[in-house]
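here are the coordinates; sequence isn't available:
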Ligand code: SF4
Ligand code: FE
């Protein structure tokens, strides 16, 4: 396993093509806007080296017969699934941001099981290839961007019906030694901090879309690959001098990027689906399921920090004993733990897949994520309620430090007796960061749209909910004799 320093060095060695503010970034690893997100990923390496976190952060891989970072692991039992969620909560607590490495872990597990079943049904040999790829990832302790979401263009049209054929990643050429692909993946979490991109289709496909049914892996600096950084609210504060307090969380962050594949060649050994449109839906459903489980861990960990920050804000405001404040904090804890309960539940109810790895209970994972589309918003609302308006009207660190204005900032923004004004400002800025600033991408909007927007979960809940079986239960209890019904839709008995 790599240390955090080795991870950072390994990225520095890559020739990543990253664009930000319309220009190529010379040194993405050290760019002030990007660096905090890299620090979050580095934490996945750092904690894995610590004895106290060994059980959560690492696992034994039967594939290579060695200890691996859990982010590179194929889940071997339900305990592994539960530990995954606990690890994500821990990581959320340590970074208060998106630590990005989960998308790779979720893609590994989804592609591993899908390729196995695809090979069985179609006689292809993707599973063997993918197993070799997994060994390479585990041995080198890589960070991999599991990439699913295409730009999608006109949402009412299938991939092959789009005016511009590149709005979904597709195969443009099949050669004896590999394929050429073109298109882009949008909202790619951690793309710039990843050694590799692991591409999956974004929706279930029909035969006419088969050129879009493609899964493959490429190094992040492969020829024809480049990334355009997705800017975040308040991101340029990171470029300002003396703005450490204003950042709220100066050390950690997350990022998303548009990853463009401009006629990229992929060699055969790195292709895991090539036009097998019948299995695109299965891969999507499984990856989404794993990532919906993930949110029952990461968002809960970030929520822990936000609840802690709200409680501190109440202390600095001098109202920790007010009963309505106490009640709001209880409500926040209740909401946050409900999300965690869902993450643990879908893991505990996991099942062994034919390929041998374990998958979460899909219905419970979708319920987990559906709750995540709502509760973090309520937790954020309560945090803002407790923080007070100063969170968004407060002067800057430079005003606090200025000879001229500093004494007035100190005097008028002092809260509870004995509390340092600077500390009050720090905690309010942290709440601002998580609810409105750079980390709000990961805690708020990503809670809504990440791992699929709310409607995507509702479709899965409808599919997995088994309403017919529930009706049957009710019929039995109510002693309903169906022969007495004469439904309008049902032909009358002759
Ligand atoms: Fe991991 Fe959460 Fe970020 Fe997804 S949103 S990559 S689960 S930290
Ligand atoms: Fe995400």
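Perfect, I can see it now. A quick note: this is a predicted structure, and the numbers were derived from the prediction, not measured. Residues are numbered from 1 along each chain as shown. Ligands and ions are numbered 1, 2, ... in the order given.

Next one: the longest helix seen in the chain, is it in contact with ligand 1?
Among the elements of the chain assigned as helix by DSSP state H, the one spanning the most residues is helix 280-317. Yes: residues of helix 280-317 are located near ligand 1 by C-beta under 6 Å from any ligand atom, namely 294, 295, 298. For every residue, glycine as well, the C-beta is placed using N, CA and C.

Skipping its backbone neighbours, what lies nearest the first one in space?
Closest residue to residue 294 apart from its sequence neighbours, by C-beta to C-beta, 6 or more residues apart in numbering: residue 102 at 4.7 Å.

wouldn't that neighbour be in contact with residue 88 here?
Yes: contact criterion C-beta atoms under 8 Å: residue 102 and residue 88 qualify, at 6.4 Å.

what residues do these two have in common as contacts?
294, 298 (C-beta atoms under 8 Å, 6 or more residues apart in numbering).

packing partners for the longest helix of the chain?
Other elements packing on helix 280-317 under the criterion 3 or more C-beta pairs under 8 Å, 6 or more residues apart in numbering; DSSP states H and E are helix 78-95, helix 102-122, helix 323-348, strand 358-359, helix 362-372, helix 375-387, helix 421-435, helix 454-464.

what's the closest of those to ligand 2?
helix 102-122 (6.6 Å; C-beta to the ion).

Return the most buried member of the helices and strands packed on helix 280-317.
Mean neighbour count, computed with mean count of other C-beta atoms under 10 Å, is highest for helix 362-372 among these, reaching a mean of 26.

Show me what from this structure comes close to ligand 2.
Within the chain, the positions adjacent to ligand 2 are 189, 450 by C-beta under 5 Å from the ion.

how about the residues of the chain that lie near ligand 1?
Within reach of ligand 1 by C-beta under 6 Å from any ligand atom, the chain has these residues: 98, 99, 100, 102, 103, 189, 294, 295, 298, 442, 446, 450.

Could you find the closest non-adjacent residue to the first one?
In this case it means residue 98. Leaving aside its sequence neighbours, residue 98 sits nearest to residue 254 (C-beta to C-beta, 6+ apart; 3.1 Å).

Let me have the helices and strands packed on helix 280-317 in CSV, adding mean pLDDT as columns.
As requested, these are exported to CSV (pLDDT from 0 to 100):
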stretch, mean pLDDT
helix 78-95, 98
helix 102-122, 98
helix 323-348, 98
strand 358-359, 98
helix 362-372, 98
helix 375-387, 98
helix 421-435, 98
helix 454-464, 96
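
how many neighbours does the residue of the chain at minimum distance from ligand 2 have?
Going by C-beta to the ion, ligand 2 is nearest to residue 450 of the chain, at 3.5 Å. Residue 450 is flanked by 25 other residues according to other C-beta atoms under 10 Å.

Now do the contacts for the nearest residue to it once chain neighbours are set aside.
Residue nearest to residue 450 in three dimensions, not counting chain neighbours: residue 295, with 7.0 Å by C-beta to C-beta, 6+ apart. Neighbouring residues of residue 295 by C-beta under 8 Å, 6+ apart: 339, 343, 368, 369, 372, 447, 450, 451.

What's the first helix or strand after the lowest-mean-pLDDT helix or strand in the chain?
Lowest by mean pLDDT, DSSP states H and E among the helices and strands of the chain is helix 440, with a mean of 91. Remark: after helix 440, the chain's next helix or strand is helix 446-449, criterion DSSP states H and E.

Off-centre distance for that following helix?
9 Å (C-alpha atoms, centre = their mean, to the nearest Å).

what does it rub up against?
Contacts with helix 446-449, where a contact means C-beta under 8 Å, 6+ apart, come from 98, 187, 295, 299, 372, 373, 376, 377, 454.

Would you mark the buried spots in it?
446, 447 (16 or more other C-beta atoms under 10 Å).

Stretch 14-34 now?
Within stretch 14-34, the residues that qualify as buried are 16, 17, 18, 19, 20, 25, 28, 29, 31, 33, 34, counting by 16+ other C-beta under 10 Å.

Could you pull up the residues touching the closest residue in space to residue 187 that isn't next to it in sequence?
Spatial nearest neighbour of residue 187, excluding adjacent residues (C-beta to C-beta, 6+ apart): residue 256 at 4.8 Å. Residue 256 is in contact with 187, 188, 189, 191, 230, 441, counting by C-beta under 8 Å, 6+ apart.

Just these: which are in strands?
187, 188, 189 (DSSP state E).

And the last one, how far from residue 467?
When you say that, I think you mean residue 189. Relative to residue 467, residue 189 is positioned 34 Å away (C-beta to C-beta, to the nearest Å).

Which one's more surrounded, those two?
Shown here are residue 189 and residue 467; by other C-beta under 10 Å, residue 189 has more neighbours (29 against 8).

in terms of contact, does the more buried one touch residue 99 like I think?
No: using C-beta under 8 Å, residue 189 is not in contact with residue 99, being 9.5 Å away.
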